[in-house]
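Asks: let's see this in three dimensions:
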Amino acid sequence: MRADYNEDKTGKVQRYINRQIAPNGLFASTEDYFDVTTELRDRTKFYIKASPGKLLIKLDKRENSYASYARIKDMCEGIVTILKEE
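Replies: Residues are numbered from 1 along each chain as shown. From the prediction side, this is the model:
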């Protein structure tokens, strides 16, 4: 998933991502910049590059279970919903 969006939505997107990957968390501030591959407690492994108004998430299906793939796919669909809100 790749998204460029209004920086005003950065906090909402970051809070949503943190809720979806709980008990893990990535973002502490809307000024955070990330360019990392991370592994969650359930062994979901994905790449995330994020800065205010920009987001890139990549997941390798070969390195993850179907449940992990579905989890990240659902999270990305939720992010799209947030970005479509006015």
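
Asks: partner strands of the least confident helix or strand in the chain by mean pLDDT, parallel or antiparallel?
Replies: The helix or strand of the chain with the poorest confidence is strand 34-39; it has a mean of 92 (mean pLDDT, DSSP states H and E). Strand 34-39 has its sheet partners listed here by DSSP bridges as strand 45-51 (antiparallel).

Asks: so what's the closest residue to residue 3 other than its chain neighbours scoring on pLDDT?
Replies: What sits nearest to residue 3 in space, not counting adjacent residues and going by Cβ to Cβ, 6 or more residues apart in numbering, is residue 55, at 4.6 Å. No exception for glycine: its C-beta is placed from N, CA and C like everyone else's. Each residue has a pLDDT score; the one for residue 55 is 97.

Asks: secondary structure element for residue 55, which one?
Replies: strand 54-58 (DSSP states H and E).

Asks: just to revisit the earlier point, contact partners for the residue nearest to residue 3?
Replies: If you count contacts by Cβ atoms under 8 Å, 6 or more residues apart in numbering, residue 55 has them with 1, 2, 3, 5, 13, 48, 49, 79.

Asks: rewinding a little: next SSE after the strand holding residue 55?
Replies: Criterion used, DSSP H and E; the element after strand 54-58 is helix 66-84.

Asks: okay, which residue is most central for this protein?
Replies: Computing the C-alpha centroid of the chain and ranking residues by Cα atoms, centre = their mean puts residue 17 first, at 4.9 Å.

Asks: and the host helix or strand of that residue, what's buried?
Replies: Residue 17 belongs to helix 10-20 when assigned by DSSP H and E. Buried residues in helix 10-20, counting neighbours by 16 or more other Cβ atoms under 10 Å, are found at 10, 13, 14, 16, 17, 20.
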